[in-house]
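S.K.: Predicted model and sequence below, questions to follow.
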Amino acid sequence: MFEYHEPQSLAEVTSFLAAHGEAARVLAGGTDLLVQMRKGRHQPRHLLNIKTVPGLDQIVVTEHCVEIGAAVTLHDGEKFLSSHPEYGVLCQAMHSVASCQIRNRATLAGNVCNASPAADTVPALAVLGASVKVHGSRGDRLVPVERFFTGPGRTVLLTGEVVSAIVLPRINGGGRGVFLRKARRPSLDLATANVAVHGAGANYRIALGAVGPTVIRVREAERLLARQGLTAPSAAEAARIARQAARPITDVRGSEEYRLELVAALTERALLTLAGEVRA
């Protein structure tokens, strides 16, 4: 059994979390947490529904960034960003999560905080240079999304801290991105491997998911593309480098070798799609 709470401010949330530690859990969409509770992985004595906190369901656009509040659903986030093509890679990733019913409940912040190595939105956030806005008793701090994770199911959040928003930097000069994934089923299944790529000018970013304990940026391949430009031969070489960077395991969704081959194939296809040479 657990007690259900509806806090009315972030200060109330952080104070409660600080006082109760692991006995309290934050509830946003609940699409991961409630399943984990039913399986016995988490047995909190307190649930704090942060959707009752004013402002967390808002998307705020400033001169420097786009802040997606912790209670913004994947559906609403995708709908908003669909008019901003420079964030297209994140729209594609959000649309790939589960079903439309889940996306109308689940949140972007929740997908990040669940810290699954197979989370679809995390590679897309990584190539966009996104940060996680963390609120605690000492105020706010920004953590680059790549540094937010310490391992499967683990993050840098301290006792008494809560994620209040996901922050996307404004991308000057536009840019385009591609997100691809492969799973046993086209939807409603965790990715066996996923890849996000983004290009703005001569700068390219590549991130891999589900093939390591945390998201993997393939910086060596990014430097290659910066030197040589995006062509069919450079895309093939970048894919080879991505395959070397991956650190997959063998599990029910696929073998290590299969995942390595997927990384190479998905990376090359995503880059060629970005170059306009193939369709995703």
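M.R.: Looks like it came in fine. Numbers count the residues shown, from 1 in each chain.

S.K.: okay, CA-based contacts and neighbour counts for the rest of this
M.R.: Fine.

S.K.: And the closest residue in space to residue 202 that isn't next to it in sequence, how close does it get to residue 249?
M.R.: Spatial nearest neighbour of residue 202, excluding adjacent residues (CA to CA, 6 or more residues apart in numbering): residue 226 at 5.8 Å. Residue 226 sits 30 Å away from residue 249, taking CA to CA, to the nearest Å as the criterion.

S.K.: now stretch 194-203: mean pLDDT?
M.R.: Mean per-residue pLDDT for stretch 194-203: 95.

S.K.: Can you name the residues in contact with it?
M.R.: 89, 118, 120, 123-124, 127-128, 173-182, 204-210, 222, 225-226, 229, 263, 266-267, 270-271, 274 (CA atoms under 8 Å, 6 or more residues apart in numbering).

S.K.: burial count for the residue nearest to residue 202?
M.R.: Counted by other CA atoms under 10 Å, the residues lying close to residue 226 total 16.

S.K.: That one falls within a helix, correct?
M.R.: Yes. Under DSSP: H, G, I helix; E, B strand; the rest coil, residue 226 falls within a helix.

S.K.: residue contacts, it?
M.R.: Here residue 226 is in contact with 202-204 (CA under 8 Å, 6+ apart).

S.K.: what's the neighbour count on residue 75?
M.R.: Residue 75 is flanked by 21 other residues according to other CA under 10 Å.

S.K.: Figure out how far the strand or helix carrying it is from the centre of its chain.
M.R.: Applying DSSP states H and E as the criterion places residue 75 in helix 74-81. How far helix 74-81 lies from its chain's middle: 14 Å, per CA atoms, centre = their mean, to the nearest Å.

S.K.: Give me the contacts around it.
M.R.: 59, 68, 87-88, 90-91, 94-95, 100, 103-108.

S.K.: mind redoing it with 6 Å?
M.R.: 91, 94, 103-104, 107-108 (CA atoms under 6 Å, 6 or more residues apart in numbering).

S.K.: and if you look at stretch 25-41?
M.R.: 42-43, 47-50, 71, 105-107.

S.K.: Only the buried members of those residues: can you turn that into a ChimeraX selection?
M.R.: Remark: buried members of these, expressed as a ChimeraX selection using 16 or more other CA atoms under 10 Å:
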select :43,47,48,49,50,71,105,106,107
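
S.K.: and of the contacts of stretch 25-41, the nearest to residue 164?
M.R.: Taking CA to CA as the measure, residue 164 sits nearest to residue 71 out of the contacts of stretch 25-41, at 8.2 Å.

S.K.: Would you mind confirming that the closest one is in contact with residue 49?
M.R.: No. Between residue 71 and residue 49 there is no contact under CA atoms under 6 Å: 9.5 Å.

S.K.: Find the nearest non-adjacent residue to the residue minimising distance to the centre of the chain, please.
M.R.: With distances taken as CA atoms, centre = their mean, the residue of the chain nearest its centroid is residue 122 (2.1 Å). Nearest residue to residue 122, sequence neighbours excluded (CA to CA, 6+ apart): residue 112, at 6.5 Å.

S.K.: Thanks a lot, see you next time.
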